[in-house]
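Novice: requesting a structural model of the entry that follows:
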Amino acid sequence: MRLTKNKSVYEKDITGFKGNADSVVFPESIKEIKDLIDFTKLDIVPRGAGTSFVGGCAPDNSIVIDMSKMNKIIEIISSRKTGYIEAGVTLNQLNQELEKYGLEFPINCLFPDIQTIGGLIATNFSGDRELKYGRISNW
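Specialist: So this is what the prediction gives:
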């Protein structure tokens, strides 16, 4: 698991809401995350693209877990309209894969090239199609 020394970019969200990161790590597997959780006594803040408008990714003397390395689409089961994906997958990345099966993930966001599924789930994002499709928790 990689560790960064430049923490300043991870200490705020897109609105500029600022916190303080103790450290920033880049796990590449669930096992690395589990080991970190088992090892640390500090708060942990998972982070997608940092596009939260509510300060959700701003740390409070926390370890920031940057999920960008966990960006794989593991499996799409088109017959069940189900997918197994990692938290760092972007909305565009997911929809490009789903298009191959004639499917679409119907949640729209402002920055689909950078906003991650994990971040959208963490904020129960809805987007401009909420009346028709609901919030991400409906999916």
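
Novice: helices of this protein, start to end?
Specialist: Secondary structure of the chain (DSSP state H): helices at 30-39, 91-99, 117-122, 130-133.

Novice: where does the prediction get shaky in this structure?
Specialist: Across the chain, the ranges flagged by pLDDT under 70 are 2-5.

Novice: how about the strands in it?
Specialist: 2-4, 20-26, 44-47, 60-66, 73-77, 82-85 (DSSP state E).

Novice: before we move on, back to that, tell me which of the helices of the chain sits nearest to K12.
Specialist: K12 lies closest, by CB to CB, to one member of the helices of the chain: helix 117-122, at 14.7 Å. Placement of C-beta: from N, CA and C, glycine included.

Novice: for the closest one, the distance to its chain's centre please.
Specialist: Averaging C-alpha positions (CA atoms, centre = their mean, to the nearest Å) puts helix 117-122 5 Å from its chain's average.

Novice: buried residues, it. List them.
Specialist: Residues of helix 117-122 classed as buried by neighbour count (16 or more other CB atoms under 10 Å): 117-120, 122.

Novice: can I get those residues in CSV with distance to K7?
Specialist: Below are the buried residues of helix 117-122 laid out as CSV (distance: CB to CB, whole Å):
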residue, distance to K7
I117, 24
G118, 20
G119, 19
L120, 24
A122, 20
